[in-house]
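[1] Predicted model and sequence below, questions to follow.
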Amino acid sequence: MEVYKNVANNYPKKDNLNLVTYLYLLDRHQREVLTQYYPRWVKREITDSYFSKILCLEVQVFYRIIKEYDALI
């Protein structure tokens, strides 16, 4: 029983687990678009809504992916 408690305590917290999963939802084309347009989005050359439309994502998912991508860079 104690082995199971130790294993359960080593799992990532729910917040970290949610952050890890969103980038993996993107296909290859979406990842290429993200890497190509992200610098332009940071410079505010394109808007949030335009960038999310290019990626074919809803706005909420877009912001979660951007948050994860920022953490990786």
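    Right, received. Where do you want to start?
[2] Work out for me the element residue 68 sits within.
    helix 59-72 (DSSP states H and E).
[3] and that helix, which residues are buried?
    Of all the residues in helix 59-72, those buried under the rule 16 or more other C-beta atoms under 10 Å are 62, 64, 65, 66, 68, 69. Every residue, glycine included, has its C-beta placed from N, CA and C.
[4] So, low pLDDT: which residues of this structure?
    Applying pLDDT under 70 to the chain picks out residues 1-20.
[5] For the protein, which residue occupies the most central location?
    residue 65 (2.4 Å; C-alpha atoms, centre = their mean).
[6] Who are the contact partners of that one?
    By C-beta atoms under 8 Å, 6 or more residues apart in numbering, the contact list for residue 65 reads 22, 23, 25, 26, 34, 55, 57.
[7] what do you get for residue 61?
    Applying C-beta under 8 Å, 6+ apart, we find residue 61 in contact with 22, 25.
[8] ok, it to residue 52 distance?
    8 Å (C-beta to C-beta, to the nearest Å).
[9] Same question for residue 24.
    Using C-beta to C-beta, residue 24 is found at 18 Å from residue 52.
[10] again with residue 45
    To residue 52, residue 45 is 15 Å away according to C-beta to C-beta.
[11] so how far is the helix holding residue 68 off the chain centroid?
    Offset of helix 59-72 from its chain centre (C-alpha atoms, centre = their mean, to the nearest Å): 4 Å.
[12] re the thing from before, looking at the buried residues of helix 59-72, which one is closest to residue 30?
    Using C-beta to C-beta, residue 65 is the member of the buried residues of helix 59-72 that sits closest to residue 30, with 8.8 Å.
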